[in-house]
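Peer 1: Here is my input, please return the structure:
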Amino acid sequence: MLTLLSRASQPTTVGSESEKEVYFLTGEEAEGRLGSHVDLHGPIITENQQQFKWDHRKGRPIEQLFRRMGNCNSSVSVQKPSLSLRKSSFVVMRLGDVQSAFQDNRISKDPLNVLDLRNPLPRSTLPRFLTGEDCQLLSRVRDTILGGGTADRCTAPIAEWNKWKEDEDWVLLAQGGAQTLTHQDSCGKSTWITVQEGQIGFGWVSRPSENELCMWRRDPNGFTGGRLRYVVLRPGQTIYLEAGTIHFVFRLDEHQTLLVGGHVLRWSRVDSWIQVVLNQLRYPNSTNEELLPSAPVYVETVAHLIEDRRSLGRLQELGGKEAIARFFKIKQQFDLELAKFA
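Peer 2: Residues are numbered from 1 along each chain as shown. Next up, the predicted model:
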């Protein structure tokens, strides 16, 4: 992380579209940009887009989170810097023990990083600018996997639920000093994160060339090229990343952080999305989670949904005929690459 930050600088926020590296936008501006088929060349950052509000009479947001989680004897996966690189990257801890570690807000020499915590908060944590139709493809993928051909409320059998990991919203909880090195989010998903408590440093590789992307995929931790940029986010701010954004996260020792985040897929970006997934299949170390067995299910389901929209004459919502042709051409490459794992 020290190596990354020594090379990083703050992004260009003004100038022409070819110069900007981040977009500080109002909610309305952000929603308009995501629905306009315009390429993004960096993250979007907005404020006050979360309908849900904490009750500050009941303590810190982190304290309220544990109140809402309940069942202190349940287990949760936790990353710790002291774990050996030759073994698993996480340990399983009792939720009550994790709560105790966060209770006194002291600096930890071995900071916990809880990356896979379910969200006990209402669905109103979804930022308003991401509620447009173009951002709802992941929800349709979920409905198709779990509901099959029915429009009734989901009554999917356990076997179908096992194909789906709940990732439309989740919680990131970390003690001060916890770090996450450069990676892409798995299965080519776009990502949003809203800060609830503490300050968080967020960095990314800005406008990478195809050659830089190839070099990074081959050796993510050894990559020394590209233009690294960073921002510091505070409570109430939301950052949105397009699929395939190479990013990293850092924290000061004195700041525990609570973040609520989630993933989306965009109808108008299906061709660029499947290219990201294909590259992740070829270079599995580039992602933050295992790609299999989820990726093939996602790809086949999206292909089915595209065919459905094509039959309804709604190709423009998917980027037009050329974008759909690119999607199915890349899907053929994906299927050939997947066959190597059989």
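Peer 1: which ones are touching Gly177?
Peer 2: By Cβ atoms under 8 Å, 6 or more residues apart in numbering, the contact set of Gly177 is 107-108, 111, 251-253. Where C-beta positions appear, they are placed from N, C-alpha and C, glycine not excepted.
Peer 1: From those residues, pick the one nearest Arg326.
Peer 2: Nearest to Arg326, judged by Cβ to Cβ, of the contacts of Gly177 is Arg251 at 38.9 Å.
Peer 1: mind listing what that closest one touches?
Peer 2: For Arg251, the contacting residues are 111, 174, 176-179, 198-201, 257, by Cβ under 8 Å, 6+ apart.
Peer 1: Of those, just say which sits nearest to Val231.
Peer 2: Of the contacts of Arg251, the one sitting nearest to Val231 (Cβ to Cβ) turns out to be Gly201, at 7.6 Å.
Peer 1: Report the secondary structure state of the closest one.
Peer 2: strand (DSSP: H, G, I helix; E, B strand; the rest coil).
Peer 1: dump the residue contacts of the spatially closest residue to it that is not a sequence neighbour.
Peer 2: In this structure, Gly201 finds its nearest non-sequential neighbour in Phe250, 4.1 Å apart by Cβ to Cβ, 6 or more residues apart in numbering. The contact partners of Phe250, taken as Cβ under 8 Å, 6+ apart, are 1, 4-5, 179-180, 200-201, 203, 230.
Peer 1: cool, and Gly244?
Peer 2: 184, 188, 272, 275-276, 279.
Peer 1: Now with 6 Å, please.
Peer 2: Applying Cβ atoms under 6 Å, 6 or more residues apart in numbering, we find Gly244 in contact with 184, 276.
Peer 1: so Leu173 sits in a strand?
Peer 2: Yes - assessed by three-state DSSP, Leu173 belongs to a strand.
Peer 1: That one and Val114 touch, don't they?
Peer 2: Yes - counting by Cβ atoms under 6 Å, Leu173 touches Val114, with 4.2 Å between them.
Peer 1: More neighbours: which of the two?
Peer 2: The neighbour count for Leu173 versus Val114, taken as other Cβ atoms under 10 Å, is higher for Leu173 (26 against 22).
Peer 1: Could you measure from the more buried one over to Met215?
Peer 2: Per Cβ to Cβ, to the nearest Å, Leu173 is found 33 Å from Met215.
Peer 1: and Asp308, backbone torsions?
Peer 2: phi -60, psi -50 (degrees, to the nearest 10).
Peer 1: follow-up on the earlier one: hmm, which two among the contacts of Phe250 are most spread apart?
Peer 2: Farthest pair in the contacts of Phe250, by Cβ to Cβ: Leu4 and Ile200, 14.8 Å.
Peer 1: Those two: which has the busier surroundings?
Peer 2: Each of Leu4 and Ile200 has its neighbours counted (other Cβ under 10 Å); Ile200 has more, 25 against 19.
Peer 1: Check what pLDDT the more buried one gets.
Peer 2: Note for Ile200: predicted pLDDT of 96.
Peer 1: do the same with Gly35
Peer 2: Confidence score, pLDDT, at Gly35: 78.
Peer 1: pretty sure it contacts Glu133?
Peer 2: No - with contact defined as Cβ under 6 Å, Gly35 does not reach Glu133; the gap is 7.8 Å.
Peer 1: Neighbour count: the two, which is higher?
Peer 2: The neighbour count for Gly35 versus Glu133, taken as other Cβ under 10 Å, is higher for Gly35 (15 against 11).
Peer 1: Thought Thr125 was touching Val260, still the case?
Peer 2: Yes - with contact defined as Cβ under 6 Å, Val260 and Thr125 form a contacting pair (4.8 Å).
Peer 1: Looking at those two, which is more packed in?
Peer 2: Using other Cβ under 10 Å, the more surrounded residue of Val260 and Thr125 is Val260, with 25 against 20.
Peer 1: For this structure, give me the ranges with low pLDDT.
Peer 2: 36, 148-165 (pLDDT under 70).
Peer 1: Would you state the helices of it in chain order?
Peer 2: Assigned by DSSP state H, the helices in the chain fall at 2-7, 27-34, 61-69, 95-103, 137-147, 158-161, 210-218, 270-282, 294-311, 321-339.
Peer 1: just curious, which of the contacts of Gly177 is nearest to Tyr298?
Peer 2: Distances from Tyr298 to those, taken by Cβ to Cβ, are shortest for Arg251, at 30.7 Å.
Peer 1: Could you check how many residues crowd around the nearest residue to Glu337 once chain neighbours are set aside?
Peer 2: Counting by Cβ to Cβ, 6+ apart, Leu281 is the residue found nearest to Glu337 once chain neighbours are left out, at 5.3 Å. A count of nearby residues for Leu281, using other Cβ under 10 Å, gives 23.
Peer 1: ok, now the one 4 residues further on?
Peer 2: Each residue near Asn285 was counted by other Cβ under 10 Å, and the total is 11.
Peer 1: Roughly how far does it sit from Phe90?
Peer 2: Asn285 is 17 Å from Phe90, by Cβ to Cβ.
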